[in-house]
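Peer 1: Predicted model follows, preceded by the sequence.
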Amino acid sequence: MATNVYDAIVVGSGISGGWAAKELCEKGLKTIMLERGRDVKHVKDYVSANKELWQFPHRGGRTQQMIEDYPVLKRDYPLNEMNLDFWVNEKESPYTETKRFDWFRGYHVGGRSLTWGRQSYRFSDLDFEANAKEGIGVDWPIRYKDIAPWYSYAEKFAGVSGNRDGLPQLPDGDFQPPMELNCVEKDVADRIKAHWKGQRLLTIGRTANITQPLTGRTNCQYRNKCWLGCPFGAYFSTQSSTLPAAEKTGNLTLRPWSIVKEIIYDKDTGLAKGVRIVDAQDNKTYDYFAKVIFLNASAMNSTWVLMNSATDIWPDGLGSSSGELGHNLMDHHFRLGASGRAEGYDDKYYYGRRPNGIYIPRFQNVGSDKRDYLRGFGYQGSASRQGWNRDVAEMAIGGDFKDALGEPGPWTMGITAFGEILPYHENRISLDKTKKDKWGLPVLAIDATIRENEEKMRKDMTGEAVAMLEAAGLKDVKPFDNTYYMGQGIHEMGTARMGRDPKTSVLNGNNQVWDAPNVFLTDGACMTSAACVNPSLTYMALTARAADYAVKELKKGTFDKVRLQA
Amino acid sequence: MNRREAVQHIALLLGGAMVGSSALLTGCKTETGKPTEWKPEDIAYLDEIADTILPTTGTPGAKAAQVGQFMTVMVNDCYEERDQKVFREGMDKLNALAKDKHDNVFVQLTPQQRHELLVALDAEQKDYAGKKKPEDPAHYFRMMKELTLLGYFTSEIGSTQARRHIPVPGSYKGCVPYQKGEKAYT
C-alpha cells in the first residue's frame, strides 16, 4: 500500500475532527488527520497555562502592535497577551467582509477546542421540528430520537457536568455531578422559580469541565484558566480527550501544516477518492487517498473546501447542485442583557474560580408562551463579588482606598442572552478570487446580517433580563446592549446544510454530501437551524453518529468502487 | 477570562471604560504611539505618584510593586500616540501644580502634601470625566490612577499580599462565610 493511501481521511482537528478521528480509528480504520496549522502538544505546548498574571509584561492586555497585527481579533475580548498563539495569523489568512463579520479562528492542532466556552447543551425536538412547522429553510432530516443516544455517548466520553432539570426543551444528559451555584445565584434561582411558578428556571451551566476524573484526566481544579490549555486535562479538547483515544489505537497519523485545498472527485464513480493538500511549510502539493473522507475544517472552511472541489463538473463546487452551498450562514446573537446589585450578602463569599456560570433555558415560544418573533433565547451569567477594578464612590486615593479594594466588593449579578438566528438564504459566503492568502488560495467573502426576527427578539432579550433580575430582588437593575455583529458568537453554522432533498440541501441525514456520498461533513456547516444553545455538543454527537454509519457502509462494500490512485 | 465575563466586565475600571478600550471595541483606527525614552528619574517620579495612590499599609504599596516601571511599559506599548502625549504632559502639569502650591517638585513634597494634591486632582479628573465628549482623551490623572490600580493589583504583591492568591484552588464552594476585613481572593 502506498504511503499516501489510508482507510479514512479527516480534514481538521478541532472538536468535530478530533471526534471523527477517534471514532474511525477505534473502529479499526487507518486514518490520517490533516490539520492546516502547527502542532500543539497536550500540556507541553500550553506555554501560558502555569504563568501568573504578573509574569505577563502587559498583565494579559493588548499592545498597539497586537492591535495592528490582529484587525479582526481586536474587535472583541479574544485579543490578549496570554494565548495569542491560539488564534490565527490574520495577515497570512485574510478574508473579505462584504458586511462586517467577526471571524475568530484557531489554525492549529486542536483548533478552537482549546479555547471554546465548553457550555454543552442538547437540542430538542422543539429545535429539530421548528423549520418544518414554521416553513423556514428546510426540515432537519433527523429528530431528537435519532441523535439522543449519540448525545449520551458524546457526553460520557467528553465529560459534561450539569444538573438534571427535566425540561422538554432542554433535554437532560448523562452528566457528571454539577458544579455549585453560589449563594446569590441560589436565591435568585429560588425567586425566579417561585415568581414564574416553575415555568422559568435558573440552573448551573452544563459544561465540558469534568467534576470527576476520567481516563488520563484530572477533575477541574477551579483555576478558570481553561483557554490557556489545561495541564490537568480537565476540560474537553482534542488534546485532552479525542486525540489520545485515537492515538491509542495505533491507527492514527496526524499531519500538521496540511492545508486541504480540494477534494479529489472521481466522476466515473460518483465518489471522492482523496484530497489534495498544500504543505503550509514547503508549499508543495500532495495527494492523499481514502474511501471515507470526513470534512471537519470548521463551518466556513469546510464549505470553502467543497467550493474548490470538482469545479470541472459543478463550477460552484462539490455540493453546489442544490444551490444552497455557501448559503444559510448562522451564528448566535448576544452581547445584551441586564445586571444588578444583590443586597444582604456581605457575610457571604465563595471559594475557587469556577469556570462556569448559570443558565436560564429558553422559555419563549415554549408550550403556551407566544411572542411576536420566532424561536427564542437563553441566558448565561453569574453572580460574583466585585474585584479591585470597582469604583469606590466616597474614596479617592490612599491607604484606606487601597485596603478597601483588597477586600471583596458588593455582590452583582449579570445575565447575557444568546439567541437563535434563522437560516436566511441571503446570508452567505462565496469565494473571493481577487484576494489570495499566503499560499495563493482564494479567500472567502462573507455577506451576512441579522434581520427583523432577531431585532424583535433583541428587544425582548433585554426586557426579560430586567424583569427577571428585578423579580429576583436585585437592586439598580440596568439593561445593557453592547451591539452584536455576525460572527461574534463564534458559533458559525450552516453553509452546507443537512436536509431531506438533494435539490434543497447539501448533506443528507447521515451528513453525506449528496453529490459524493463517501464525503461526510459533520462540523457547524451541516446545521439546518441554529437553536439558541451552544452547538459543539451537537457536532460531537452528529460526528460519532456519522462515523458509525460510514464504517457500517464501508464494511458493507458501499464505497468499494473508489479508485485509490491519481 | 471567558465570554460570559467579558461581555459584562470588558475593560471596566473604576466604574468606566479603561483608557483606549472604547476604540478597541468599536474597531476604530488608532494611531500607534512610538515608544518614548524614560529616564530613571521618570520612573522614580511615577513610583511616588503610584505610592501616593496606593501607599504601604498593612501590605506593601505600589512602589514596592514597581508600578512606576509598569506604567512606562503600558504607556509605551499599549497607549495610542494621543494618550501617550496626554500622559507625558500630565507628568509636567503635576509638577507645575506642585511648584505652584508648595514651591517644589512632586517628589520633594511631604506625603501629606502629595496626598492632598492628588485628592484634589482626582476630584478634577472625575469632574472632567463627567463632562468630556466620548472622543476626547481621558484626564492624565485618570490614566495614572488606572495604571496604578492595574499594575498594583495584578502584581505579585497585589495578588499574594494585598489579596489572597491560591494558584490551584482544587475545589469550588459556592457559599462560604465572610467577615469584613478578610482579603479578596484573586
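Peer 2: Now that the structure is in, tell me what you want to look at.
Peer 1: most remote residue from chain B's center?
Peer 2: B:Ser171 (32.5 Å; C-alpha atoms, centre = their mean).
Peer 1: hang on, that residue in a strand?
Peer 2: No - under DSSP: H, G, I helix; E, B strand; the rest coil, B:Ser171 falls outside any strand and is assigned coil.
Peer 1: neighbours around the residue nearest to it when sequence neighbours are not counted, how many?
Peer 2: Distances taken as C-beta to C-beta, 6 or more residues apart in numbering or on different chains place A:Gly352 nearest to B:Ser171, at 5.7 Å, with adjacent residues excluded. Backbone N, C-alpha and C define where each C-beta goes, glycine included. As a burial measure, A:Gly352 scores 22 neighbours (other C-beta atoms under 10 Å in any protein chain shown).
Peer 1: Where do the helices of chain A begin and end?
Peer 2: A:15-26, A:64-69, A:125-128, A:130-134, A:144-158, A:183-195, A:243-248, A:299-307, A:399-405, A:452-471, A:536-556 (DSSP state H).
Peer 1: For these, state which one has the densest average packing.
Peer 2: helix A:15-26 (a mean of 30; mean count of other C-beta atoms under 10 Å in any protein chain shown).
Peer 1: Output it in CSV with nothing but the alpha carbons.
Peer 2: Extracted in CSV, the C-alpha atoms of helix A:15-26 (Å, rounded to 0.1, in the frame of the first residue of the first chain):
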residue,chain,number,x,y,z
ILE,A,15,-13.9,19.5,18.2
SER,A,16,-15.6,17.5,15.4
GLY,A,17,-12.4,16.5,13.6
GLY,A,18,-11.0,15.0,16.8
TRP,A,19,-14.2,13.1,17.3
ALA,A,20,-14.1,11.8,13.7
ALA,A,21,-10.5,10.6,14.1
LYS,A,22,-11.3,8.9,17.4
GLU,A,23,-14.3,7.1,16.1
LEU,A,24,-12.8,6.0,12.8
CYS,A,25,-9.6,4.8,14.5
GLU,A,26,-11.4,2.9,17.2
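Peer 1: Cross-check the contact I'm expecting between the residue nearest to B:Ser171 and B:Val168.
Peer 2: No - using C-beta atoms under 8 Å, A:Gly352 makes no contact with B:Val168, being 9.7 Å away.
Peer 1: At which residues are the strands of the stretch 251-400 of chain A located?
Peer 2: Ranges of strands in the stretch 251-400 of chain A, per DSSP state E, counting those that start in this stretch, are A:252-255, A:258-266, A:271-279, A:285-289, A:292-295, A:332-333, A:336-342, A:348-351, A:358-360, A:377-385.
Peer 1: what lines up beside the first one in the sheet?
Peer 2: Under the criterion DSSP bridges, strand A:252-255 sits next to strand A:31-34 (parallel) in its sheet.
Peer 1: Can you give the distance of the partner strand from its chain's centre?
Peer 2: 21 Å (C-alpha atoms, centre = their mean, to the nearest Å).
Peer 1: same question, stretch A:238-252
Peer 2: 21 Å.
Peer 1: how long is it from one end to the other?
Peer 2: End-to-end distance of stretch A:238-252 (C-alpha to C-alpha, to the nearest Å): 13 Å.
Peer 1: most tightly surrounded among the strands of the stretch 251-400 of chain A?
Peer 2: strand A:292-295 (a mean of 31).
Peer 1: Identify all contacting residues around that one.
Peer 2: Strand A:292-295 is contacted from outside by A:7-12, A:17, A:20, A:24, A:29, A:263, A:272, A:274-275, A:302, A:305-306, A:518-523, A:525, A:543, A:546-547, A:550-551, A:554, A:559, using C-beta atoms under 8 Å, 6 or more residues apart in numbering or on different chains.
Peer 1: how about a cut-off of 6 Å?
Peer 2: A:8-11, A:20, A:272, A:302, A:518-521, A:550, A:554 (C-beta atoms under 6 Å, 6 or more residues apart in numbering or on different chains).
Peer 1: quick check, nearest of these to chain B?
Peer 2: Proximity of the contacts of strand A:292-295 to chain B (C-beta to the nearest C-beta) peaks at A:Ser302, which lies at 23.4 Å.
Peer 1: From A:Arg354, how far out is the residue in the stretch 151-300 of chain A that chain B sits nearest to?
Peer 2: At 3.5 Å from chain B, A:Glu180 is the closest residue in the stretch 151-300 of chain A, using C-beta to the nearest C-beta. Between A:Glu180 and A:Arg354 the distance is 8 Å, computed by C-beta to C-beta, to the nearest Å.
Peer 1: out of these two, which sits in the more crowded spot?
Peer 2: The neighbour comparison of A:Glu180 against A:Arg354 (other C-beta under 10 Å) goes to A:Arg354, with 24 against 19.
Peer 1: nearest residue to that one other than its sequence neighbours?
Peer 2: B:Tyr172 (4.7 Å).
Peer 1: Contacts only, for the residue in the stretch 201-350 of chain A that chain B sits nearest to.
Peer 2: Nearest residue of the stretch 201-350 of chain A to chain B: A:Tyr349, at 3.7 Å (C-beta to the nearest C-beta). Residues near A:Tyr349 by C-beta under 6 Å, 6+ apart: B:176, B:178.
Peer 1: Quick check: bridge partners of it?
Peer 2: Here A:Tyr349, judged by DSSP bridges, has bridge partners B:Val176.
Peer 1: Look up phi and psi at the residue nearest to B:Ser171.
Peer 2: Phi and psi for A:Gly352, reported as degrees, to the nearest 10, are phi 90, psi 160.
Peer 1: quick one, what contacts A:Leu469?
Peer 2: By C-beta under 6 Å, 6+ apart, A:Leu469 lies in contact with A:338, A:340, A:477.
Peer 1: ok, which stretches of chain B are helices?
Peer 2: Under DSSP H, chain B gives helices at B:3-9, B:21-26, B:40-53, B:67-78, B:81-102, B:111-131, B:140-153, B:156-160.
Peer 1: where's A:Asn534 relative to chain B, distance?
Peer 2: Per C-beta to the nearest C-beta, to the nearest Å, A:Asn534 is found 10 Å from chain B.
Peer 1: Check A:Pro408 too.
Peer 2: Distance from A:Pro408 to chain B, by C-beta to the nearest C-beta: 4 Å.
Peer 1: so that residue sits right up against B:Ala184, yeah?
Peer 2: Yes - the pair formed by A:Pro408 and B:Ala184 meets the contact definition of C-beta atoms under 6 Å, at 4.3 Å.
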